[in-house]
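Enquirer: please work out how this folds:
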Amino acid sequence: MSADKTALIVIDMLNTYEHEDGEPLKASARRAVPAIASLLEKAREQEALIVYVNDNHGDWSAGHSELIEQTRDAAGPELVDDIAPPNDVPFLLKARHSIFYETPIEYLLNQQGVRRIVLTGQVTEQCILYSALDAYIRHFDVAVVRDAVAHIDERLADAALKMMQRNMGAEIVDTRSCDFRHPRLGSV
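Expert: Next comes the predicted model:
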């Protein structure tokens, strides 16, 4: 298997938004969902690995089906139906901010020959940032899709994107230019 494969990672998009920062995050997520749906289609066409990693919100009995239904019921179908994880892709639960914190994602990525990860989802200034840092220290190449990440605070999200680019060498791309076959050809 090629050692330079790319994976699309969809982070925390199954969310009821029933928390202190829920409303601004939900508004941002509404703008990100069409871009995420487009990226999922492009990743399938270009045969990239797709992995969903989602917070379980403290419910250790919830799997992806339960989280999809909870999101649909609490936040509406427009925030989940076009991007819900199908049964045939890896779906990992996490309990903290980083997708790498006590999850098997590093093992999965290494087994699949992935060296570059494309991050999308939420929250730019939290889980996306911490996941990018953990990927960087594990020597993965990182890309973040600017129009396919959702934030709580736009100013902090912009700062987080700048930090990822400057301090972690992350590519900051948009959905249109993101290419899963040719690493580092889609920077904006």
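Enquirer: now do the end-to-end distance for stretch 46-57.
Expert: 32 Å (CA to CA, to the nearest Å).
Enquirer: just the mean pLDDT for that stretch, thanks.
Expert: In this model, stretch 46-57 carries a mean pLDDT of 94.
Enquirer: chain center to that stretch: distance?
Expert: Between the centre of stretch 46-57 and the centre of its chain there are 7 Å (CA atoms, centre = their mean, to the nearest Å).
Enquirer: could you do stretch 170-185 as well?
Expert: 14 Å.
Enquirer: if you count neighbours, what's buried in that stretch?
Expert: Residues of stretch 170-185 classed as buried: 170, 171, 172, 173, 175, 178, 179, 180, 183 (neighbour count, 16 or more other CB atoms under 10 Å). For every residue, glycine as well, the C-beta is placed using N, CA and C.
Enquirer: run a quick neighbour tally on residue 162.
Expert: Other residues within reach of residue 162, judged by other CB atoms under 10 Å, total 12.
Enquirer: of all the buried residues of stretch 170-185, the one with the weakest confidence?
Expert: Note: of the buried residues of stretch 170-185, the lowest pLDDT belongs to residue 183, at 62.
Enquirer: and stretch 100-109, end to end?
Expert: Taking CA to CA, stretch 100-109 runs 11 Å from one end to the other.
Enquirer: please identify the buried residues of it?
Expert: By neighbour count on 16+ other CB under 10 Å, the buried set for stretch 100-109 is 100, 103, 105, 108, 109.
Enquirer: perfect, I'm done here.
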